[in-house]
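Undergrad: here's my sequence, what's the structure:
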Amino acid sequence: MPSRRMSIMIAFLGVLALVGSACGKQAPKSTSSGNADQKAVESVIRASLDAENAKNADAFLALWTDKGLEAYDSGTREEIKAGKEGFGEDKIKILGFVKTDVAAATATSTVDGGPVEYKVAQVAYRVKFSLIKQGDAWLLDGFEFIGSPPAKAGTPVLDIKAQEYAFILDKQTIGGNIALKFTNTGKEQHELTLYKGPDGVDVTTARKALENVDGSELKDIPTGYAVDHVTFAEPGQTMDVTFSSSLKKGTYVFACYIPQGGFGEQGPVNPDGKPHIKLGMAAILTVE
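TA: The predicted model follows:
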């Protein structure tokens, strides 16, 4: 999926974000009631994601208009045909169709999904596709990232505030069936990268072990740790995070790898800025 997802899960920000079911709850089923056009619309969305996951540029592009590609933000038609770096690398799984509406030759479909590959927790996100009908074929003509779907009523929420340069958690111990509310109260961008660490590890030991990890690509992960990007927030922004399943019992570490000064349109504002984790931005959570 597009660079937009990377920006939401961090240096991928994004997430990726995109989607899912309530915490610990099965993903929603398709809302299609047997209507042929609804089924056709959902089939096109599935086919597009299948083609992207397989890095099949021709099959992918055949399902999109130029307007839709611009909104999807995964590259121009020419760039994708030429093998643009990143296309199809972040594989996406559909968790469920929330709502599909068809009116004459236009349609919209809201979809929950998440990354196929994850080590710690599958972040769920919600997106909305727009389609138009040309002849007998439906084509993807628009895309909107909505955010994480709402968690199931009654799901405990862990409130995490980010500032320069620390995470403030409203609970240090919690059950595994949770959602997150991540609020950036600082003046710089911040992100959440989530590690499952050795049971009982303390924050000083964890920070020392993790501060030299490549925070963008998540390379060089030390033994005993598994990791996923979770979300990203601009100053003043709040991001809700829903997981598609419960976190396993044990010790978790939150870390931020945004460089001091943050990112601008041309990259890091301060090329020599240290990753926030090296400035102390890490926190421990125990899941019972």
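Undergrad: OK, contacts around the nearest residue to Lys187 once chain neighbours are set aside?
TA: Nearest residue to Lys187, sequence neighbours excluded (Cβ to Cβ, 6 or more residues apart in numbering): Pro235, at 5.4 Å. For glycine as for every other residue, the C-beta is placed from the backbone atoms N, C-alpha and C. Contacts for Pro235 (Cβ atoms under 8 Å, 6 or more residues apart in numbering) come out as Asn184, Gly186, Lys187, Glu188, Gln189.
Undergrad: you'd agree Pro235 is in a helix?
TA: No: counting by DSSP: H, G, I helix; E, B strand; the rest coil, Pro235 is not part of a helix but coil.
Undergrad: quick one: buried residues of stretch 116-126?
TA: Neighbour-count burial for stretch 116-126 flags Tyr118, Val120, Ala121, Gln122, Val123, Ala124, Tyr125, Arg126 (criterion: 16 or more other Cβ atoms under 10 Å).
Undergrad: and the furthest pair within those residues?
TA: Val120 and Arg126 (20.6 Å; Cβ to Cβ).
Undergrad: how far does the longest helix anywhere in the chain sit from the chain's center?
TA: Scanning the chain for the longest helix, with DSSP state H as the assignment, gives helix 36-53. Between the centre of helix 36-53 and the centre of its chain there are 21 Å (Cα atoms, centre = their mean, to the nearest Å).
Undergrad: and stretch 140-153, by the same measure?
TA: 11 Å.
Undergrad: any idea of the mean pLDDT for stretch 183-203?
TA: What stretch 183-203 shows for mean pLDDT is 97.
Undergrad: mind checking the end-to-end distance for that stretch?
TA: 21 Å (Cα to Cα, to the nearest Å).
Undergrad: what of stretch 105-124?
TA: This stretch, stretch 105-124, spans 30 Å end to end (Cα to Cα).
Undergrad: that older thread, list the buried ones in the following helix or strand past the longest helix of the chain?
TA: Moving toward the C-terminus from helix 36-53, the next helix or strand (DSSP states H and E) is helix 57-61. For helix 57-61, the neighbour count (16+ other Cβ under 10 Å) marks Ala57, Phe60, Leu61 as buried.
Undergrad: one more: stretch 144-154?
TA: Buried residues in stretch 144-154 (16+ other Cβ under 10 Å): Phe145, Gly147, Ser148, Pro149, Ala151.
Undergrad: CSV for those residues, including distance to Thr65 and secondary structure?
TA: Formatted as CSV, those follow (distance: Cβ to Cβ, whole Å; DSSP: H, G, I helix; E, B strand; the rest coil):
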residue, distance to Thr65, secondary structure
Phe145, 18, strand
Gly147, 25, strand
Ser148, 28, coil
Pro149, 27, coil
Ala151, 34, coil
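Undergrad: show me the two of these that sit farthest apart.
TA: Phe145 and Ala151 (18.1 Å).
Undergrad: so where's the chain shaky on pLDDT?
TA: By pLDDT under 70, the weakly predicted segments of the chain are 1-34.
Undergrad: one more pass at 50, please.
TA: For the chain, applying pLDDT under 50 flags the ranges 1-33.
Undergrad: domain ranges for it, per the record?
TA: Following automatic domain parsing, the chain resolves into domains at 15-147, 157-287.
Undergrad: now do the end-to-end distance for the shortest one.
TA: When you say that, I think you mean domain 157-287. 13 Å.
Undergrad: distance from the chain centre to that domain, please.
TA: 14 Å.
Undergrad: what's the span of stretch 204-217 from first residue to last?
TA: End-to-end for stretch 204-217, by Cα to Cα: 23 Å.
Undergrad: now what about it, what contacts it?
TA: Contacts of stretch 204-217 (Cβ under 8 Å, 6+ apart): 10-12, 193, 195, 197, 201, 219-222, 225, 227, 253, 255, 257-258, 275, 277-278, 280, 282, 284.
Undergrad: so of those, which ones are in strands?
TA: Members of the contacts of stretch 204-217 lying in strands (criterion: DSSP state E): Thr193, Tyr195, Gly197, Val227, Val253, Ala255, Ala282, Ile284.
Undergrad: CA-only coordinates of stretch 38-58 in PDB, if you can.
TA: This file holds the C-alpha atoms of stretch 38-58, laid out as PDB (Å, rounded to 0.1, in the frame of the first residue of the first chain):
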ATOM      1  CA  GLN A  38     -21.700  -5.000  -4.500                       C
ATOM      2  CA  LYS A  39     -20.000  -8.300  -4.900                       C
ATOM      3  CA  ALA A  40     -18.300  -7.000  -8.100                       C
ATOM      4  CA  VAL A  41     -17.000  -3.900  -6.200                       C
ATOM      5  CA  GLU A  42     -15.600  -5.900  -3.400                       C
ATOM      6  CA  SER A  43     -14.000  -8.400  -5.800                       C
ATOM      7  CA  VAL A  44     -12.100  -5.600  -7.500                       C
ATOM      8  CA  ILE A  45     -10.800  -4.400  -4.200                       C
ATOM      9  CA  ARG A  46      -9.600  -7.900  -3.300                       C
ATOM     10  CA  ALA A  47      -8.100  -8.300  -6.700                       C
ATOM     11  CA  SER A  48      -6.200  -5.000  -6.400                       C
ATOM     12  CA  LEU A  49      -4.700  -5.900  -3.100                       C
ATOM     13  CA  ASP A  50      -3.800  -9.400  -4.300                       C
ATOM     14  CA  ALA A  51      -2.100  -7.900  -7.300                       C
ATOM     15  CA  GLU A  52      -0.200  -5.400  -5.200                       C
ATOM     16  CA  ASN A  53       0.900  -8.100  -2.700                       C
ATOM     17  CA  ALA A  54       2.100 -10.200  -5.600                       C
ATOM     18  CA  LYS A  55       3.900  -7.100  -7.100                       C
ATOM     19  CA  ASN A  56       1.900  -7.700 -10.300                       C
ATOM     20  CA  ALA A  57       2.000  -4.100 -11.700                       C
ATOM     21  CA  ASP A  58      -0.100  -4.900 -14.900                       C
END
